[in-house]
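Engineer: Pasting the sequence and the predicted model now:
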Amino acid sequence: MRISPRLLSSFPALVTRGKAPATVETLTRSDLPSASTVKSQPGECDLLVKVEYSTLNYKDALVVSGKYPGMKPPMVGGIDLVGSVLEAGPDSQHKVGSSVLCNGWGIGTDHWGGFAGEARLRSSWAIPLPADLKASQAAQIGTAGYTAMLCVDAVVRAGVEPGAGPVLVSGTPGGVGSVATVLLSQLGYSVTAVAGPGGSHADFLKELGASELLDRDTLQGEPRPLGKELYAGCVDSAGGNVLANILPLIKHSGAVAACGLAAGMPLHTTVAPFILRGVTLAGVDSVFMPVNRRLEVYAKYGALLASCGKLDLLAGSDKEVGLAAVIDLSKEMLKGNITGRYVVDVSR
């Protein structure tokens, strides 16, 4: 075992111990799980990371509020983390002192995550911090941004080109939808963002790069088998009836990347968009995506996000908080009152 001389004897952590909201506690390294508690990912946790940043996602809000389905307390939330390696096993690809990031793999829901000063992980879950990203920028991107990268890449790989027509983005102004709006607009696509009644968050979405807005209410109601061909593609993080209403609006040979179920899990649709217009419905999972795909999308889109000047719109200095603030922010997120991305500085 390679061990860094910079060791912490104790550290703060946001711990959920039941159905009540989490509290900030002081833990020691011996409290950390030594093996993976993710059933599909057994193995020794040979990587010890000093956590610098995490983020607040919807799953995190559920964990922190004690409402995550099937949670086995005690649990430390934080499905994202960015930090530096304190210890690494002899077979680890990471070196002591190197910077790493981790998105998904069940951390923060099934295995203790990034809402703590230290985290113990499997080496295979972490990837090197991309050279084009600062630690704070990687946190601003987080799982939401990384998922958005995968979704945008699915649309691009399906052959949807910027000149084919506008691309619809649902789930805005949430994290995935917001980052997808930035990426698509930076890649030259015309983006139509789905907004709430009365064009809520219109200015924010247009600052991110949306050229048009679509009232969310138009994607409600009983979906038709086919509608007018309006969009060349779509990034959808809503699912449910919203996705069922989007599919009939996609142009011939278009593609929809689906990654969420905020509007529900059932999908009541027909085969018409697929067999009459050749529409592709690409499912996107970010939690257990192989490392090579993670590295690929970070290489393709990470530098673009870092250099475009939009990350501070998503998570500027006013949205960098400490662990204690996450408790109340989680309540607001579950009420739908959060826009953009909140970065959690675990040292605050």
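Structural biologist: Cool, the structure landed.
Engineer: in the chain, which residue is closest to the centre?
Structural biologist: Ala144 (1.9 Å; C-alpha atoms, centre = their mean).
Engineer: Run a quick check on that residue versus Val176, I expect a contact.
Structural biologist: Yes: here Ala144 reaches Val176: they are 5.0 Å apart, a contact under C-beta atoms under 8 Å. Any C-beta I mention is one placed from the backbone N, CA and C, and that applies to glycine too.
Engineer: so the residue nearest to Glu118 when sequence neighbours are not counted bridges to which residues?
Structural biologist: Leaving aside its sequence neighbours, Glu118 sits nearest to Phe11 (C-beta to C-beta, 6 or more residues apart in numbering; 5.3 Å). For Phe11, the beta-bridge partners are Leu27 (DSSP bridges).
Engineer: quick one: low-confidence parts of the stretch 151-300 of the chain?
Structural biologist: Along the stretch 151-300 of the chain, segments meeting pLDDT under 70 are nowhere present.
Engineer: mind listing the helices for it?
Structural biologist: Listed in chain order, the helices of the stretch 151-300 of the chain (DSSP state H, counting those that start in this stretch) span residues 175-186, 202-208, 240-246, 272-276, 291-307.
Engineer: so what secondary structure elements neighbour the third one?
Structural biologist: Okay, so that is helix 240-246. Secondary-structure packing of helix 240-246 (3 or more C-beta pairs under 8 Å, 6 or more residues apart in numbering; DSSP states H and E): strand 231-236, strand 250-258.
Engineer: Parallel or antiparallel, list what pairs with the longest one.
Structural biologist: Spelled out, it's strand 250-258. strand 231-236 (parallel), strand 280-283 (parallel).
Engineer: So what are the structural domains in the protein, by residue number?
Structural biologist: Taking automatic domain parsing as the domain assignment, the ranges for the chain are 2-129+316-345, 144-283.
Engineer: right, so of those domains, which gets closest to Gly309?
Structural biologist: Minimum separation from Gly309 across the domains of the chain (C-beta to C-beta) falls at domain 144-283, 9.8 Å.
Engineer: How far does the closest one sit from its chain's centre?
Structural biologist: Put simply, domain 144-283 sits 17 Å off its chain's centre (C-alpha atoms, centre = their mean, to the nearest Å).
Engineer: Repeat that for stretch 19-29.
Structural biologist: Worked out by C-alpha atoms, centre = their mean, stretch 19-29 lies 23 Å from the chain centre.
Engineer: Of the helices and strands packed on helix 240-246, which is nearest Leu219?
Structural biologist: Between Leu219 and the helices and strands packed on helix 240-246, the shortest gap by C-beta to C-beta is with strand 231-236, which sits at 9.7 Å.
Engineer: Name the residues that touch the closest one?
Structural biologist: 148, 151-152, 155, 158, 160-161, 164-171, 176-177, 180, 184, 192, 242-243, 246, 249-251, 254-260 (C-beta atoms under 8 Å, 6 or more residues apart in numbering).
Engineer: Which among those count as buried?
Structural biologist: Buried by 16 or more other C-beta atoms under 10 Å: 148, 151-152, 155, 158, 160, 164-171, 176-177, 180, 184, 192, 242-243, 246, 249-251, 254-260, out of the contacts of strand 231-236.
Engineer: okay, the helices of the stretch 151-300 of the chain in a markdown table with distance to Asp285 next?
Structural biologist: Putting the helices of the stretch 151-300 of the chain into a markdown table (distance: least, C-beta to C-beta, whole Å) gives the following:
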| stretch | distance to Asp285 |
| --- | --- |
| helix 175-186 | 13 |
| helix 202-208 | 24 |
| helix 240-246 | 16 |
| helix 272-276 | 20 |
| helix 291-307 | 10 |
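Engineer: so which helix or strand takes in Glu332?
Structural biologist: Here Glu332, judged by DSSP states H and E, is contained in helix 323-334.
Engineer: Please spell out which residues along that helix are buried.
Structural biologist: Buried residues in helix 323-334 (16+ other C-beta under 10 Å): 323, 326-327, 329-330, 333.
Engineer: And the contacts of that helix?
Structural biologist: 12-14, 21-24, 56, 58, 60-62, 64-65, 67, 77, 115, 321, 338, 342, 344, 346, 348.
Engineer: just how off-centre is it within its chain?
Structural biologist: 17 Å.
Engineer: swap in stretch 38-55?
Structural biologist: With C-alpha atoms, centre = their mean, you get 17 Å for stretch 38-55.
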